[in-house]
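# show me how the following folds:
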Amino acid sequence: MFIDTHCHLLIEDYKDIDLVIKENRENGISKIIVSGCSYESIIESLELSEKYEDLFITIGYHPSEAKTTDNNRLLFLESKLKNKKVVGIGEIGLDYHYGKEDEKLQKNLFEHQLKLAEKYQLPVVIHSRDATMDTINILKKYKVKGIIHCFSGSIETAKIYISMGFLLGIGGVITFKNSNLYKVVENVGLEHIVLETDSPYLTPEPFRGKQNSSKYIPIIGEKISNLLNIPVEEVARITSNNASNIFDLN
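Next up, the predicted model:
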């Protein structure tokens, strides 16, 4: 059985969420972790978590929310962290892909949420895009563990994150023909990896271009199985254990 450690499950993307959950279970997905990363999606994710027993959530403000996240929204976030279905804070971090005009706001928001993670002893899910060194330097200031979501960096960067106690989130990108992510997986080993879809985005081959879903996690597992020449059942067992341990799902 697999665990999808990172997906987005909103009614604006999926008209029939009951069907999505049903298809997940039919494809061997034992648990999914939905990321609520804006005020609106946090509210929706909390509602979903009450409906489905195999659905857990992480909540936090994505760096793209830095300009609109005020103190009231931060207090709202903190008020929800003791919910039994909330297993982490995320996705949070830094994103300079479209520029750095709000760099200070992003860093302040990131650090505030890292402080919450320390306070409530929750793992974090880190979004880092074109901001590797700033992300690493900020994380070094806090006693947190978690997952580097949608990891796409070098082997050297992977080893830095791993040395800091983080796991790497590996998704559909590893199936893309132009991806070098396989080199990272081959070098770091399964003990440092969890699987994710980031659905509805980053659909794995051969469904690239279509809407992604947690039901495609076995495709990612099969790719890693072939890379490491081990049974796909072993990939499922180890990565699911990693996810269960980091998110305290046991």
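# wait, a helix at residue 244?
Yes. Under DSSP: H, G, I helix; E, B strand; the rest coil, residue 244 falls within a helix.
# which residues does it contact?
Residues near residue 244 by CB atoms under 8 Å, 6 or more residues apart in numbering: 3, 250. In short, each C-beta sits where N, CA and C put it, glycine included.
# per-residue confidence for it?
For residue 244, the model assigns a pLDDT of 98.
# residues in contact with residue 29?
Counted by CB under 8 Å, 6+ apart, residue 29 has contacts 1, 2, 3, 4, 54, 214, 215, 217.
# what pairs with it across the strands?
residue 2 (DSSP bridges).
# you'd agree residue 67 is up against residue 106?
No. Between residue 67 and residue 106 there is no contact under CB atoms under 8 Å: 9.2 Å.
# more neighbours: which of these two?
Neighbours were counted for residue 67 and for residue 106 using other CB atoms under 10 Å; residue 106 has more, 25 against 12.
# the more buried one: which element?
helix 103-120 (DSSP states H and E).
# average pLDDT for that helix?
98.
# how far off centre is it?
17 Å (CA atoms, centre = their mean, to the nearest Å).
# what about residue 77, distance to residue 39?
Distance of residue 77 to residue 39, computed by CB to CB, to the nearest Å: 9 Å.
# hang on, the earlier thing: who's in contact with the helix holding residue 106?
Under CB under 8 Å, 6+ apart, the answer for helix 103-120 is 60-61, 63, 65-67, 69, 74, 77-78, 81-82, 88-89, 92-96, 122-124, 134, 138-139, 141-144, 146.
# go ahead and name everything in contact with the helix or strand harbouring residue 218.
Using DSSP H and E, residue 218 sits within helix 217-228. For helix 217-228, the surrounding residues in contact (CB under 8 Å, 6+ apart) are 2-4, 27-29, 170-172, 174-175, 182, 185-186, 190, 193, 195, 197, 204-205, 207, 231-232, 234-236, 239.
# and the top strand by length along the chain, what's buried?
Counting residues, the longest strand found in the chain (DSSP state E) is strand 86-95. Using 16 or more other CB atoms under 10 Å as the burial criterion, the residues of strand 86-95 that qualify are 86, 87, 88, 89, 90, 91, 92, 93, 94, 95.
# how many neighbouring residues does residue 173 have?
By the criterion of other CB under 10 Å, residue 173 has 19 neighbours.
# what's the answer for residue 22, then?
Using other CB under 10 Å, residue 22 has 12 neighbouring residues.
# and what of residue 217?
Neighbours of residue 217 using other CB under 10 Å come to 30.
# can you check residue 209 too?
Close neighbours of residue 209, defined as other CB under 10 Å, add up to 7.
# so it sits in a helix?
No. Residue 209: not assigned to a helix; according to three-state DSSP it is coil.
# got a list of what residue 20 touches?
9, 14, 213, 214, 215.
# coming back round to it: filter the contacts of residue 29 to the buried ones?
Buried residues within the contacts of residue 29, counting neighbours by 16+ other CB under 10 Å: 2, 3, 4, 214, 215, 217.
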